[in-house]
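Q: Any chance you can model this:
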Amino acid sequence: MSHNFDYLIKKTPFDERYRPSENTRITTNFANLARGDNRQENLKNTLKMMNNRFNSLADWDNPQGDRYSIELDIISVAVRLDRTGGEATIPLIEILKTNILDRHAEERIEGVAGNNFSSYVRDYDFSILLSEHNRDREGFSTPENFGELHGKLFKDFVGSSAYKANFSKPPIVCLSVSTSRLYQRTENQHPVLGVEYRQDEYSLTDEYFAKMGLKVRYFMPPNSVAPLAFYFSGDLLNDYTHPELISVISTMDTFQKIYRPEIYNANSVAGHLYRPSLRHQDYSLTRILYDREERSQLAIEQGKFTEEHFIRPYRSLLEQWSATSSF
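A: Coordinates of the predicted model:
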């Protein structure tokens with residue numbers, strides 16, 4: 001199909017000097033780290049953890065464990081719904097783009113887009129729409145066509161000329177495993193991704209990402225204590241190089257140790273059968289401060305913002321576009 005919307009991409013370096021701008025999605029994990037009195041120390045320690053993790057996985061021809069460092073760009077995506085020349089744009093998603101600095105070869109290696117995934121429409125779907133749908137119901141259910149608009153917008157963006165001009169490969173999104181599911185270790189093992197796990201059934205998040213055109217596999221990388229969920233559209237094991245996969249793991253394993261230490265900084269390794277829990281008490285804290293409760297409240301605020309500025313004013317246009325989309 002022809003793309004109906006224009007997508008505008010803005011890149012912001014995520015480094016020790018990073019400060020969230022006024023229009024940055026404030027529930028984004030990396031923006032949360034970059035506020036408050038300890039912002040610079042938080043950022044410095046986070047980046048150091050990522051670099052250490054990368055070098056521990058990329059240990060070939062790396063005797064001192066300091067050959068590589070990660071460089072991150074925050075990719076902010078806005079959509080222009082009016083193609084007649086109007087200037088109004090609506091913020092849509094934020095992802096991270098990794099690049100790898102090889103100090104020995106003195107070259108910069110392109111990494112992968114995706115990694116962290118933050119979405120205004122997803123906040124609306126989960127924090128507003130889903131909550132209202134289940135308010136007076138017995139049992140849990142999802143609204144009709146839940147996640148379809150978001151999925152089609154994401155696929156339209158990834159297939160757009162704007163995406164292809166900036167990124168050479170489809171995105172990999174890496175998230176925490178679901179606390180509502182049971183995971184079983186398999187015999188399949190990858191040199192970088194580690195041991196593969198399979199789950200008893202897909203979670204609501206897995207189903208939501210499927211509507212974005214993304215499949216999921218779960219791997220516990222070497223020296224990790226819990227599997228990560230990797231969402232991708234092609235062949236995860238063969239479409240990406242080892243350094244590209246390591247850049248995703250080192251970035252997101254670090255974030256998860258900060259955000260969900262009960263799972264990813266636990267003092268025991270996931271066993272043959274594994275059910276993640278945020279009530280787990282035997283874990284260690286990083287030196288990086290993060291306000292998880294604040295983030296959940298901000299997700300509701302962002303969902304309301306999306307409803308007010310995107311869903312309601314453009315409802316008829318979005319419904320028409322979604323109904324005629326061939327995705």
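Q: who are the neighbours in contact with the nearest residue to residue 157 once chain neighbours are set aside?
A: Using Cβ to Cβ, 6 or more residues apart in numbering and skipping residues adjacent in sequence, the residue nearest residue 157 is residue 7, 5.3 Å away. C-betas here are computed from N, CA, C, even on glycine. Neighbour list for residue 7: 77, 78, 79, 80, 92, 157, 160, 162, 163 [criterion: Cβ atoms under 8 Å, 6 or more residues apart in numbering].
Q: beta partners for the third one?
A: Spelled out, that is residue 79. residue 7, residue 90 (DSSP bridges).
Q: give the contact list for it.
A: 5, 6, 7, 8, 89, 90, 92, 153, 157.
Q: Can you say which of those are buried?
A: 5, 7, 90, 92, 153, 157 (16 or more other Cβ atoms under 10 Å).
Q: Name the nearest of these relative to residue 59.
A: Taking Cβ to Cβ as the measure, residue 59 lies nearest residue 157 of these, at 35.7 Å.
Q: Now do the SS call for the closest one.
A: Assigned with DSSP: H, G, I helix; E, B strand; the rest coil, residue 157 falls in the helix class.
Q: coming back round to it: redo the contacts of residue 79 as a markdown table? Include distance to residue 276 and pLDDT.
A: Listed next are those as a markdown table, based on distance: Cβ to Cβ, whole Å; pLDDT from 0 to 100:
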| residue | distance to residue 276 | pLDDT |
| --- | --- | --- |
| 5 | 37 | 86 |
| 6 | 40 | 90 |
| 7 | 34 | 94 |
| 8 | 37 | 94 |
| 89 | 38 | 84 |
| 90 | 34 | 88 |
| 92 | 29 | 92 |
| 153 | 29 | 95 |
| 157 | 30 | 95 |
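Q: Check the spacing between residue 226 and residue 278 real quick.
A: 12 Å (Cβ to Cβ, to the nearest Å).
Q: between those two, who's got more neighbours?
A: Ranked by neighbour count (other Cβ atoms under 10 Å), residue 226 and residue 278 place residue 226 first, with 26 against 12.
Q: For residue 90, see how far away that one is.
A: In terms of Cβ to Cβ, residue 226 sits 36 Å off from residue 90.
Q: which residues do residue 226 and residue 278 both contact?
A: Contacts common to residue 226 and residue 278, judged by Cβ under 8 Å, 6+ apart, are residue 263.
Q: where along the stretch 51-200 of the chain do the strands fall?
A: With strands called from DSSP state E, counting those that start in this stretch, the stretch 51-200 of the chain shows them at 68-80, 90-102, 107-119, 172-176, 183-190, 194-199.
Q: winner for burial among these?
A: Mean neighbour count (mean count of other Cβ atoms under 10 Å) peaks for strand 172-176 among those, with a mean of 23.
Q: Could I get the contacting residues of residue 306?
A: 120, 121, 123, 124, 128.
Q: Going along the chain from the host helix or strand of it, find the next helix or strand for me.
A: Element membership for residue 306, per DSSP states H and E: helix 292-306. Sequence order places helix 315-324 as the next helix or strand after helix 292-306, per DSSP H and E.
Q: Mind exporting the C-alpha coordinates of that next one to PDB?
A: Provided in PDB are the C-alpha atoms of helix 315-324 (Å, rounded to 0.1, in the frame of the first residue of the first chain):
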ATOM      1  CA  ARG A 315     -10.700   9.500  15.200                       C
ATOM      2  CA  SER A 316     -12.600   9.500  11.900                       C
ATOM      3  CA  LEU A 317      -9.400   9.800   9.900                       C
ATOM      4  CA  LEU A 318      -7.700   7.100  11.800                       C
ATOM      5  CA  GLU A 319     -10.600   4.700  11.600                       C
ATOM      6  CA  GLN A 320     -10.900   5.300   7.900                       C
ATOM      7  CA  TRP A 321      -7.200   4.800   7.300                       C
ATOM      8  CA  SER A 322      -7.100   1.600   9.500                       C
ATOM      9  CA  ALA A 323     -10.200   0.100   7.700                       C
ATOM     10  CA  THR A 324      -8.600   0.600   4.300                       C
END
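Q: Throw the strands of the stretch 51-200 of the chain into CSV and include distance to residue 62, thanks.
A: Formatted as CSV, these follow (distance: least, Cβ to Cβ, whole Å):
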stretch, distance to residue 62
strand 68-80, 7
strand 90-102, 10
strand 107-119, 14
strand 172-176, 23
strand 183-190, 19
strand 194-199, 18
